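[1] Sequence first, predicted coordinates after that:
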Amino acid sequence: MELEKTVRELIEPVIVENNYILDCVQYVKEGNLYFLRIIIDKNGIVDVDDCVTVTQLINPLLDEKDLIEENYILDVCSKEKGCE
């Protein structure tokens, strides 16, 4: 999907710069809610603090570019959740 590619290009540099790996970007609708799911990895175990850190890094970029018209939930999670 073009949106996922655009989001990846926007956020991947700052994620990599902070020693994380961007595994996958998914924009999905679950029920009545849209989720922008950012799946990250790193050398070692990804914990909740890592997800919070990445959220804080990418949220300003996403807000500034305003790529998504619908309201959505930003969900940063570990690679264990995986991509489909």
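    Sure, I can see it.
[2] Tell me which stretches of the protein form strands.
    21-30, 33-41, 73-78 (DSSP state E).
[3] and the longest one with strand 73-78, angle?
    Right, strand 21-30. If you take axes from the mean of the first three to the mean of the last three Cα atoms, to 10 degrees, strand 21-30 sits at 140 degrees to strand 73-78.
[4] what's strand 21-30 in contact with?
    The contact list for strand 21-30 (Cβ atoms under 8 Å, 6 or more residues apart in numbering) reads 1, 3-5, 7-8, 11-12, 15-16, 34-42, 68, 72, 79, 82-84. In this view, the C-beta of every residue, glycine as well, is placed from N, C-alpha and C.
[5] for the most centrally placed residue in the chain, what are its contacts?
    For the chain, residue 38 is the residue whose C-alpha lies nearest the centre (Cα atoms, centre = their mean; 2.3 Å). The contact partners of residue 38, taken as Cβ under 8 Å, 6+ apart, are 7, 11, 22, 24, 25, 54, 58, 74, 75, 76, 77.
[6] Ok, residue 47 next?
    residue 78.
[7] again with residue 61
    Per Cβ under 8 Å, 6+ apart, neighbours of residue 61: 10, 11, 14.
[8] Out of the strands of the chain, which one sits most buried?
    Ranked by mean neighbour count under mean count of other Cβ atoms under 10 Å, these are led by strand 33-41, which reaches a mean of 19.
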